[in-house]
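next one to model:
(one chain, ligands or ions: 1)
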Amino acid sequence: MTIDLGAMVLRRPVDDDAPDGLLLCTDPEVAQWNAVPDVVDLESALAWCRRGADWSDGRHTTWHAADGTTGRLLANCSLYAIDPEDRTARIGYRVAPWARGAGVARTVVDAVTRWGFDELGLVRVQLDHTVANVASCHVAQASGFVLEGILRSSYVDGSGVRHDDHVHGRLVTDRAPALPRPRMSAG
Ligand SMILES: CC(C)(COP(=O)(O)OP(=O)(O)OC[C@H]1O[C@@H](n2cnc3c(N)ncnc32)[C@H](O)[C@@H]1OP(=O)(O)O)[C@@H](O)C(=O)NCCC(=O)NCCS
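Numbers count the residues shown, from 1 in each chain. Next up is the predicted model:
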């Protein structure tokens, strides 16, 4: 299953993503804001890719964005906590350091959310981020997630510091954002 975004392709994680997955998961900003503490070496990165590729429990669909030309891993994005009865899910994301600042996150978050509405019949997707993570707030708003409130002292970052979280939500009935194409080499 793939979503073709032109300059990027969204697909399930594959084993070959493991070396770049290790670099992504051990990046300091990822460690601070969306840590993957069990990825510490190539073997654990491979296991992380395989967990992401296994959607059989119905609770998550994890996607990797790959460069449409080179195939290199650019980002990881999961619809998780999928509740088929309430038709809700949450979304989380991490962009590789070499792909940041080009519009990758907002493009991926929008595409995965729309896929969840269309293919899973979701009605609501929730996106939480630490208030201090300003870039993530830009991503949320650009990809159509309305700021709904603050969860006080709800997130403990990679250094053990507690933070308030912003809660954003996007409903299937919300107007979809008009996004510019990501600024990538393959155009
Ligand atoms: C946050 C993150 C996902 C952004 O990915 P990205 O592909 O660079 O995001 P985009 O290019 O789509 O958009 C980034 C936006 O944040 C802005 N931004 C980037 N760094 C910023 C900073 N330090 N302060 C303020 N704004 C910032 C950019 O200008 C852009 O805003 P704009 O579209 O209004 O110009 C990425 O940096 C990342 O993976 N960080 C570590 C993990 C993480 O924070 N995950 C999210 C947890 S909720």
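
contact partners for the closest residue in space to residue 120 that isn't next to it in sequence?
Of all residues not flanking residue 120 in the chain, residue 82 sits nearest, at 6.7 Å (CB to CB, 6 or more residues apart in numbering). Where you see a C-beta, it was placed from the backbone N, CA and C, and this is true even at glycine. Contact analysis of residue 82 by CB atoms under 8 Å, 6 or more residues apart in numbering lists 58-61, 88-89, 116, 120, 122.

for the residue most central in space within the chain, list each beta-bridge partner.
With distances taken as CA atoms, centre = their mean, the residue of the chain nearest its centroid is residue 93 (2.1 Å). Using DSSP bridges, the bridge partners assigned to residue 93 are residue 77.

that one is in contact with residue 76, isn't it?
Yes. Judged on CB atoms under 8 Å, residue 93 makes contact with residue 76 at a distance of 6.8 Å.

for stretch 48-59, give me every contacting residue.
Residues outside stretch 48-59 that contact it (CB under 8 Å, 6+ apart) are 12-15, 17-18, 21, 25, 36, 38-39, 61-62, 64, 76, 78, 80-82, 84.

tally of neighbours for residue 88?
Using other CB atoms under 10 Å, residue 88 has 16 neighbouring residues.

give the contact list for it.
Contacts of residue 88 by CB under 8 Å, 6+ apart are 81-82, 122-126.

buried subset of these as a PyMOL selection?
Listed next is the PyMOL selection for buried residues among the contacts of residue 88, using 16 or more other CB atoms under 10 Å:
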select buried, resi 82+122+124+125
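
okay if I get the contacts of residue 88 as JSON lines plus secondary structure?
Converted to JSON lines, those look like this (DSSP: H, G, I helix; E, B strand; the rest coil):
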{"residue": "81", "secondary structure": "strand"}
{"residue": "82", "secondary structure": "strand"}
{"residue": "122", "secondary structure": "coil"}
{"residue": "123", "secondary structure": "coil"}
{"residue": "124", "secondary structure": "strand"}
{"residue": "125", "secondary structure": "strand"}
{"residue": "126", "secondary structure": "strand"}
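
now the two most distant members of the contacts of residue 88.
Using CB to CB, the two most remote members of the contacts of residue 88 are 81 and 123, lying 14.1 Å apart.

for the longest helix along the chain, name the packing helices and strands.
When the chain is parsed with DSSP state H, its longest helix is helix 104-120. Counting contacts by 3 or more CB pairs under 8 Å, 6 or more residues apart in numbering; DSSP states H and E, helix 104-120 is packed against strand 2-4, strand 8-11, strand 61-67, strand 73-83, strand 88-95, strand 124-130, helix 134-142.

looking at these, which is nearest to residue 172?
Using CB to CB, those put strand 124-130 closest to residue 172, at 7.5 Å.
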